[in-house]
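J.: here is a sequence with its predicted model. Questions after.
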Amino acid sequence: MGAFRQGLSSYLNWKKKQPIARDRVGPQTCPLAIGPLTLTDLESVMELEKVSFPSPWTLATYHSELTRNSRSRYLKVGPAPGPGVRAMGAAVPALIAQGGFMLFGAEMHIVTIAVLPDWRGRSIGEWLLLALLALGREEGAHTATLEVRVSNEVALRLYRRAGFEAVGYRRRYYPDKEDARILALEALHRESVWGPLRERFEALSVLMGRGVEAPG
Ligand SMILES: CC(C)(COP(=O)(O)OP(=O)(O)OC[C@H]1O[C@@H](n2cnc3c(N)ncnc32)[C@H](O)[C@@H]1OP(=O)(O)O)[C@@H](O)C(=O)NCCC(=O)NCCS
């Protein structure tokens with residue numbers, strides 16, 4: 001028997017003797033879905049705001065956004081209906097991310113986007129941003145704009161990856177006087193701009209529908 005076959009046979013014998021580790025499961029995956037944010041989500045939105053922004057919006061602001069502002073559109077990311085987390089049934093929050101924009105004619109102004117801290121770094125923010133752009137585009141937006149803190153490098157990278165460019169500054173814009181950078185994504189209605197973003201959105205939708213690794 002050659003050295004390789006000898007090695008293989010002793011490995012297989014060793015394998016046979018190993019107990020099956022029933023308590024060892026792979027990473028838990030949770031299929032995700034995007035849908036409209038509703039009033040029943042607002043308590044969870046308050047939790048997400050607190051852990052995401054130095055000056056969180058209030059419940060009253062969100063309530064008014066959802067009930068009185070006809071220009072507003074909000075989307076959320078949560079576990080997809082169905083079995084949810086496979087494997088050992090870890091608890092998954094009903095709201096993992098949310099974001100929204102206001103429509104002013106052909107301009108959509110993104111007013112908020114946030115992902116629960118434990119769920120960041122899984123492309124959920126990018127997926128939600130692309131979903132907001134898809135919805136805005138469907139509603140006639142040609143340009144997307146937003147403000148972002150000059151120190152928010154993760155968000156700046158997220159927006160730049162989607163094609164946003166810096167178009168201006170707002171000095172001391174935030175309550176704590178930090179400056180805002182104004183970013184814009186132009187010509188969203190053109191296929192040359194939207195085509196690659198749509199492809200990425202579709203690819204991410206497939207991946208997220210299959211499931212992302214749950215934290216913990
Ligand atoms: C900004 C924010 C929404 C981004 O959400 P997110 O889900 O973490 O975003 P993504 O996962 O799409 O991208 C974030 C980073 O994770 C990385 N990433 C994405 N998928 C990953 C994966 N599977 N494994 C490891 N890293 C990954 C991305 O490359 C990106 O890193 P980079 O910035 O170094 O390139 C989130 O950080 C957040 O909620 N921040 C607080 C609120 C806020 O600042 N909102 C913006 C206001 S303008």
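T.: Okay, I see it.
J.: mind checking how far the residue in the chain that the ligand sits nearest to is from Leu156?
T.: The minimum distance from the chain to the ligand, using CB to the nearest ligand atom, falls at Gly125 (2.3 Å). C-betas here are computed from N, CA, C, even on glycine. Distance, Gly125 to Leu156, using CB to CB, to the nearest Å: 12 Å.
J.: between the two, which is the more surrounded one?
T.: Gly125 (21 against 17; other CB atoms under 10 Å).
J.: in terms of pLDDT, where does the more buried one sit?
T.: For Gly125, the pLDDT comes out at 98.
J.: identify the residues contacting it.
T.: Counting by CB atoms under 8 Å, 6 or more residues apart in numbering, Gly125 makes contact with 97, 113, 115, 155, 158.
J.: quick one: Thr68 and Val51, what's the gap?
T.: Slight slip there: residue 68 is Arg, not Thr. Counting by CB to CB - Arg68 and Val51 are separated by 26 Å.
J.: then Thr38?
T.: 21 Å.
J.: could you do Leu197 as well?
T.: Distance from Leu197 to Val51, by CB to CB: 28 Å.
J.: buried residues in the helix ranked longest in the chain?
T.: The helix that spans the most residues within the chain, counting by DSSP state H, is helix 191-210. Buried residues in helix 191-210, defined by neighbour count with 16 or more other CB atoms under 10 Å: 193-194, 197, 200-201, 204-205, 208.
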